[in-house]
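In: Give me the fold of what follows.
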Amino acid sequence: MTKPPISTSRVLINLFSLAILGFCALIVIIPVVLIFALRSPQNPIDATQFNPNRQAILDTTSVTQIIPKQVGSFALQESTNHEARENIQQDIFAIYKNNAHQTVYLNVLQTSNLTEYRSFLSQGANCGDCAGTAKLYTKAPTSYGYAFCACIRFAQHTLSWLNGNWVISVSTASTLQSDGETLLNFIKNYPF
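Out: Numbers count the residues shown, from 1 in each chain. Down below sits the predicted model:
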């Protein structure tokens, strides 16, 4: 039994449908590709610019010194001192903004467990499920870690370092391209 011939109009309708489907796929695929291309870790900061010469945080250093109202051009917006927990004597989180509305997040932890220090430091140099670069600088005079992570909805720069029995972590995150220079500008002015 032979199949009836396919009409030319039927072929044209199928081709037209495929063309529309392909065009719709391109409309979706091109922006997704552009987003990932713009967010790719093409410009992490030079983490060796981190200045390890910092003031020591002493037992007598107050929270208002550790979380100053002003760090360079960045003004403190809000800070939270979380409750002490196992191996963590203090956990302070602060948000800073400058006049250009660039935001920097500062997290300062005091811990008595050296293993805990290394754990927090390595967490700060880890991108998890995001694409990016992460590196620990353990041979520097002050051990520190740096990560640039490009996720689907945001990009983030994080620099974490040890200061005595404190772990300090500073990050910038943005729904647009995260600005590593903003991070460096904050860190250059942060005394600890």
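In: gap between C130 and L58?
Out: 36 Å (Cβ to Cβ, to the nearest Å). To be clear about C-beta, it is placed using only N, CA and C from the backbone, and glycine gets the same treatment.
In: Compare the two (neighbour count), which wins?
Out: C130 (19 against 8; other Cβ atoms under 10 Å).
In: what about S174, neighbour count?
Out: 14.
In: just E181 next, same as before
Out: Counted with other Cβ under 10 Å, E181 comes out at 12.
In: Assign a three-state SS to it, would you?
Out: helix (DSSP: H, G, I helix; E, B strand; the rest coil).
In: any idea which helix or strand comes after the lowest-mean-pLDDT helix or strand in the chain?
Out: Lowest mean confidence among the helices and strands of the chain (mean pLDDT, DSSP states H and E): helix 8-39, at a mean of 51. Downstream of helix 8-39, the next assigned helix or strand under DSSP states H and E is helix 63-66.
In: tell me which strands and helices that following helix is in contact with?
Out: Under the contact criterion of 3 or more Cβ pairs under 8 Å, 6 or more residues apart in numbering; DSSP states H and E, helix 63-66 touches strand 88-97.
In: who's in contact with the strand it packs on?
Out: 63, 66-67, 71, 74-85, 103-112, 116, 186 (Cβ atoms under 8 Å, 6 or more residues apart in numbering).
In: What are the buried residues along that strand?
Out: 88, 91-94, 96 (16 or more other Cβ atoms under 10 Å).
In: Repeat that for stretch 130-148.
Out: 130, 132, 134, 136-137, 143-148.
In: which of those residues lies closest to W161?
Out: Y144 (3.7 Å; Cβ to Cβ).
In: Check which helix or strand the closest residue to that closest one other than its chain neighbours maps to.
Out: Of all residues not flanking Y144 in the chain, W161 sits nearest, at 3.7 Å (Cβ to Cβ, 6 or more residues apart in numbering). Applying DSSP H and E as the criterion places W161 in strand 155-163.
In: Parallel or antiparallel, list what pairs with that strand.
Out: strand 144-150 (antiparallel), strand 166-174 (antiparallel) (DSSP bridges).
In: Need those in CSV (columns: distance to P191 and mean pLDDT).
Out: As requested, these are exported to CSV (distance: least, Cβ to Cβ, whole Å; pLDDT from 0 to 100):
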stretch, distance to P191, mean pLDDT
strand 144-150, 16, 82
strand 166-174, 11, 85
